[in-house]
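>>> sequence? don't have it. structure:
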């Protein structure tokens, strides 16, 4: 399965290969997916964006067709800093030294770190259906722990989540999509099957666990070192009004403690905003992007 009208390719960046799909002409725009998906999550909005932009929809390291290095003791290989460096390197290799980036879920956390570490590269930032990692871990309550139980499951050591998920990865992925969606059937079977095929790779399961382990360790170290530092670029904060973020948090207000210039918006969807309400998501993105 591919995004209509997009060409798929791979690029060596440092010690990994980054898989991506691209199309269009105009200002560069990088799109980053979340868990447990791939760049295909942008299939309903990317073709329209490619009418105005050079769109690059990439697989994060550990996901899709990108490299999946084994984890290391401090989880640095899956730090958002490392994952952001991959994507900045990809865009630079494609000839784009400055660009807009929009990320969903894990991709939004990578994009947040990218804007902090590479402010000269990030012209505009869009973060979809998240609040900052540091805020979440420093304000844990029962409601968050119940809604985001996977944050605490996936970080368990010694292969525990890998073994449990690996017993039936297709069921696990489908259950995640079902639980986090507010609109039944919004993610069509062809896409679900593509996500499942990519996720079923044991290396992908391990990598995604390492992604979350990094979030609870080395990413927090990096985030705490930047505490009080505001993002300088215009920042779009978009979330699903029918999802956990919209139910549990004043998302826009939280982000105003992390970014100097925040545009806040919602769509009537659950977590998977670009698939549950592609028209609404596209309208918000097109209004925000230059």
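In hand now; what should we look at? Since this is a predicted model, take the numbers as computed values, not measurements.
>>> quick one: buried residues of the helix or strand encompassing residue 208?
Under the criterion of DSSP states H and E, residue 208 resides in helix 202-215. Within helix 202-215, the residues that count as buried by 16 or more other Cβ atoms under 10 Å are 204, 205, 206, 207, 208, 209, 210, 211, 212, 213, 214, 215. Backbone N, C-alpha and C define where each C-beta goes, glycine included.
>>> tell me which strands and helices it is in contact with?
Secondary-structure packing of helix 202-215 (3 or more Cβ pairs under 8 Å, 6 or more residues apart in numbering; DSSP states H and E): helix 80-93, helix 149-153, helix 160-166, helix 189-199.
>>> Give me the angle between the last one and helix 202-215.
If I follow you right, that is helix 189-199. 80 degrees (axes from the mean of the first three to the mean of the last three Cα atoms, to 10 degrees).
>>> Need the mean per-residue confidence for helix 189-199.
Taken as a whole, helix 189-199 carries a mean pLDDT of 98.
>>> same thing with the shortest one?
Averaging pLDDT along helix 149-153 gives 97.
>>> name the helices or strands packed onto that helix?
Helix 149-153 packs on helix 202-215, going by 3+ Cβ pairs under 8 Å, 6+ apart.
>>> The following helix or strand past the helix it packs on: which residues count as buried?
As assigned by DSSP H and E, the chain's next helix or strand after helix 202-215 is helix 218-225. Neighbour-count burial for helix 218-225 flags 218, 219, 222, 223 (criterion: 16+ other Cβ under 10 Å).
>>> now helix 218-225, how far from the centre of its chain.
Computed by Cα atoms, centre = their mean, to the nearest Å, the chain-centroid distance of helix 218-225 equals 18 Å.
>>> and residue 55, how many neighbours?
Around residue 55 there are 29 other residues, counting by other Cβ atoms under 10 Å.
>>> Spell out which residues sit in contact with it, please.
Taking Cβ atoms under 8 Å, 6 or more residues apart in numbering as the criterion, residue 55 is in contact with 6, 22, 23, 24, 29, 31, 46, 49.
>>> Of the buried residues of helix 218-225, which is the nearest to residue 174?
residue 219 (27.7 Å; Cβ to Cβ).
>>> now that closest one, nearest residue through space, not along the chain?
residue 80 (5.1 Å; Cβ to Cβ, 6 or more residues apart in numbering).
>>> So that neighbour is in contact with residue 222, correct?
Yes: applying Cβ atoms under 8 Å as the test, residue 80 and residue 222 come out as touching, 7.3 Å apart.
>>> Now do the shared contacts for those two.
Contacts common to residue 80 and residue 222, judged by Cβ under 8 Å, 6+ apart, are residue 113.
>>> can you give me the helices for the stretch 1-150 of the chain?
Ranges of helices in the stretch 1-150 of the chain, per DSSP state H, counting those that start in this stretch, are 46-49, 80-93, 106-117, 133-138, 142-147, 149-153.
>>> Could you single out the most deeply buried of those?
A comparison of the helices of the stretch 1-150 of the chain by mean neighbour count, using mean count of other Cβ atoms under 10 Å, puts helix 106-117 on top with a mean of 26.
>>> what's the angle from it to helix 80-93?
Using the same axes, to 10 degrees, helix 106-117 lies at 80 degrees relative to helix 80-93.
>>> Give the rounded mean pLDDT of helix 106-117.
On average, helix 106-117 scores 98.
>>> Measure how far it is from the centre of its chain, please.
Worked out by Cα atoms, centre = their mean, helix 106-117 lies 9 Å from the chain centre.
>>> I'd like to know which elements that helix is packed against.
Going by 3+ Cβ pairs under 8 Å, 6+ apart, helix 106-117 lies up against strand 28-32, helix 80-93, strand 99-104, strand 122-128, helix 218-225.
>>> now those in a markdown table, with distance to residue 241?
Compiled in a markdown table, these are given as follows (distance: least, Cβ to Cβ, whole Å):
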| stretch | distance to residue 241 |
| --- | --- |
| strand 28-32 | 22 |
| helix 80-93 | 26 |
| strand 99-104 | 16 |
| strand 122-128 | 13 |
| helix 218-225 | 26 |
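>>> Compare the helices of the stretch 1-150 of the chain and give me the one nearest residue 56.
helix 80-93 (6.7 Å).
>>> helices and strands around the host helix or strand of residue 177, which ones?
Assigned by DSSP H and E, residue 177 belongs to helix 169-180. Contacts defined by 3+ Cβ pairs under 8 Å, 6+ apart place helix 169-180 against helix 189-199.
>>> show me the contacts for residue 240.
129, 182, 246, 266-273, 276-277.
>>> Just the ones of those residues in helices?
246, 273, 276 (DSSP state H).
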